[in-house]
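Engineer: Would you be able to build a 3D model of this:
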Amino acid sequence: MERRMIVCDLDGTLLDSRGELSERTRAAVRRVRAAGHVFVIATARPVRDTRHVAAALNDTGDSGDSGDTAGANSAVCGNGSVVYDFARDEVVDHHPFAEADVTRALTALRDRFPGIRLGAECHLELLLEDAFELAPALARDARRVARLEEAIDWHGVGKIVVQLEGAARGYYESVGTLLPGCEVTVSADVFCEVTRAGVTKAAALEAMADRLGFGRAGVIAFGDMPNDLPMLTWSGTAVAVANAHPAVLAAAHEMTASNDEDGVAVWLERLSEKH
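Structural biologist: This is a model prediction of the structure:
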């Protein structure tokens, strides 16, 4: 059997529209891990909002083998800005902006978009400006500030979040044009996300794959939004869920059922049946 490294986005992909993990999906992940494959979360979510999903996936419900511990324990978070080991409860890798780049980005955004609302992931802490609109469940751990520049740790910014009027998929390309030296993408319509140049899910996963002994041909990736495109185009097998953004559907090698139809589980079950 050829071992594979299976990497999967969370929201809109592994999780349903309520943000929940189905028992069918949990069972499918347990099965591929028991078969010797490595399963890795790769998400735009910060560590704090990924922890409970990682715990649910790693809970086998018995004393059996949950698969490769390196893959089971580590997750790529913040679109690749942080790699976190949940077993050791520590950061494995962190890719913050240089201070000068944060300054330039914030100045350019303020000048171009009056009324912009900003936030940032600093190390493992979320800072949001008072005007930033976010569902209470996602903002419950945020530190609210009047103006981002007055509160951030300039050396620890892993990701900047940008909120304008309207859906983020309608303005993230304009933000990207303004910030050519950064990675600008979108994973949900409430804001777009900015990381330093070269920081993507794909870059973090490639480093992890090297450590675990996988070439890109041995990587299977699942996603649904533009922030997943780097890892999908890098992976040997790219699978889009049926509800994916048109750009993701166009880039994928295969399509599975939607996230609300347990599309990832459907695909993984077929993989398991081959062994």
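
Engineer: where do the strands sit along the stretch 1-150 of the chain?
Structural biologist: Along the stretch 1-150 of the chain, the segments classed as strands by DSSP state E, counting those that start in this stretch run 5-8, 38-42, 74-77, 82-85, 90-94, 117-122, 125-129, 143-145.

Engineer: For the chain, which segments count as helices?
Structural biologist: 23-34, 51-58, 69-73, 99-112, 136-139, 172-178, 201-212, 229-234, 246-251, 263-273 (DSSP state H).

Engineer: rewinding a little: for residue 181, which of the strands of the stretch 1-150 of the chain is the nearest?
Structural biologist: strand 117-122 (17.0 Å; Cβ to Cβ). Quick note: C-beta positions are derived from backbone N, CA and C, even for glycine.

Engineer: in its sheet, what does the closest one sit against?
Structural biologist: Sheet pairing here is set by DSSP bridges, and for strand 117-122 it gives strand 125-129 (antiparallel), strand 157-163 (antiparallel).

Engineer: got the contact list for the longest one?
Structural biologist: Contacts of strand 157-163 from elsewhere in the structure, counted by Cβ atoms under 8 Å, 6 or more residues apart in numbering, are 78-79, 81-82, 94-97, 102, 105-106, 109, 116-123, 128, 132-133, 168, 172, 175, 190-195, 199.

Engineer: go on, the shortest one?
Structural biologist: With contact meaning Cβ under 8 Å, 6+ apart, strand 125-129 is reached by 46, 48, 117-121, 134, 139, 141-148, 151-152, 161.

Engineer: same check, this time on stretch 180-194
Structural biologist: 9, 11-12, 44, 79, 101, 104-105, 119, 132-135, 159-163, 167-169, 171-173, 175-176, 179, 195-200, 225-229.

Engineer: hmm, 6 Å instead?
Structural biologist: For stretch 180-194, contacts defined as Cβ atoms under 6 Å, 6 or more residues apart in numbering pick out 44, 79, 159-163, 167-169, 172, 175-176, 195, 197, 199-200, 225-227.

Engineer: One more: stretch 267-275?
Structural biologist: With contact meaning Cβ under 6 Å, 6+ apart, stretch 267-275 is reached by 1, 28, 31, 32, 35, 239, 256.

Engineer: Selecting buried members of the contacts of strand 125-129 in ChimeraX, what would you type?
Structural biologist: The ChimeraX selection below is limited to those of the contacts of strand 125-129 classed as buried (16 or more other Cβ atoms under 10 Å):
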select :46,117,118,119,120,121,134,142,145,148,152,161
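
Engineer: How about the contacts made by residue 225?
Structural biologist: Counting by Cβ under 6 Å, 6+ apart, residue 225 has contacts 187, 245.
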